[in-house]
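Peer 1: need a 3D model of the following:
(one chain, ligands or ions: 1)
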Amino acid sequence: MTSVEEILATWLDKFKPHEDGALLPPHHDHCLACGPDNPHGHHLVVHRRGEEVHAVHVFDQRHVGAPGIAHGGAVATVLDDLFGFLLYLTGAPAVTRQLEVRYDSPVLLGVAYELVAKIVRAEGRKLFVEAEMRDTSGGLVAFASALFLRVDEAHFRQGASNSPPLARPI
Ligand SMILES: CCCCCCCC(=O)SCCNC(=O)CCNC(=O)[C@H](O)C(C)(C)COP(=O)(O)OP(=O)(O)OC[C@H]1O[C@@H](n2cnc3c(N)ncnc32)[C@H](O)[C@@H]1OP(=O)(O)O
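Peer 2: Model prediction:
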């Protein structure tokens with residue numbers, strides 16, 4: 001079982017320096033984009049690569065929009081969550097204040113795409129970030145930019161009263 005307090009307790013370890021090349025930990029086990037225990041999730045796997053974060057991702061039938069094509073919201077979910085891995089490089093939790101996604105080409109189901117995100121600049125609590133999604137030929141299929149704002153743990157406790165402990169699969 002994982003409560004909000006248990007999740008927050010793991011963050012001390014997560015928001016510490018991770019070596020270049022390291023596999024970065026999921027935000028928590030049921031995170032929609034990166035949680036390994038979320039049956040509806042994307043199971044995004046992310047590594048640090050220098051000052052960027054990197055993933056290779058395949059969307060599947062659970063994330064369908066038009067037939068054979070990933071739903072735009074699913075693509076946005078993955079890009080938004082990828083930004084959440086940059087936070088492990090900054091050492092502090094933050095949340096999305098604004099997200100903009102440009103869809104250059106359809107993202108096909110069952111096809112591998114490469115995703116890279118970086119911090120463009122930091123101003124006080126504000127982190128301006130950008131990400132690209134490319135096909136195996138290097139063609140840009142989506143571009144995202146976002147503003148993340150650093151928050152303290154109290155922000156996440158807002159969800160505690162309506163977040164029953166999540167059962168882990170046996
Ligand atoms: C642990 C990480 C997990 C990551 C998971 C993946 C990402 C997510 O899914 S996060 C979930 C989705 N996001 C949310 O739920 C956030 C909901 N929003 C909120 O709770 C609040 O709006 C919150 C906390 C972000 C900001 O509130 P608040 O502290 O009042 O900040 P606010 O005053 O609006 O803005 C702060 C600063 O940013 C500036 N700002 C706000 N919006 C913009 C913008 N679009 N562009 C430029 N600047 C902006 C403001 O002008 C202000 O600047 P300054 O401090 O210089 O005056």
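
Peer 1: and for the closest residue to the ligand within the chain, the neighbour number?
Peer 2: In the chain, the residue found nearest to the ligand is Gly84; the distance is 3.0 Å by Cβ to the nearest ligand atom. Any C-beta I mention is one placed from the backbone N, CA and C, and that applies to glycine too. Using other Cβ atoms under 10 Å, Gly84 has 25 neighbouring residues.

Peer 1: and what of Lys118?
Peer 2: 17.

Peer 1: in the sheet, who's paired with it?
Peer 2: Following DSSP bridges, Lys118 is listed with bridge partners Glu52, Glu130.

Peer 1: is it correct that it is in contact with Glu132?
Peer 2: No - the criterion here is Cβ atoms under 8 Å, and Lys118 misses it with Glu132 at 9.1 Å.

Peer 1: rewinding a little: was I right about the residue of the chain closest to the ligand contacting Pro25?
Peer 2: No - Gly84 sits out of contact with Pro25 when judged by Cβ under 8 Å, with a separation of 11.2 Å.

Peer 1: please name every helix or strand in contact with the helix or strand hosting the residue of the chain closest to the ligand.
Peer 2: Taking DSSP states H and E as the criterion, Gly84 maps to helix 72-90. On a contact count with 3 or more Cβ pairs under 8 Å, 6 or more residues apart in numbering; DSSP states H and E, helix 72-90 meets strand 47-49, strand 52-58, strand 94-103, strand 112-123, strand 126-134, strand 140-150.
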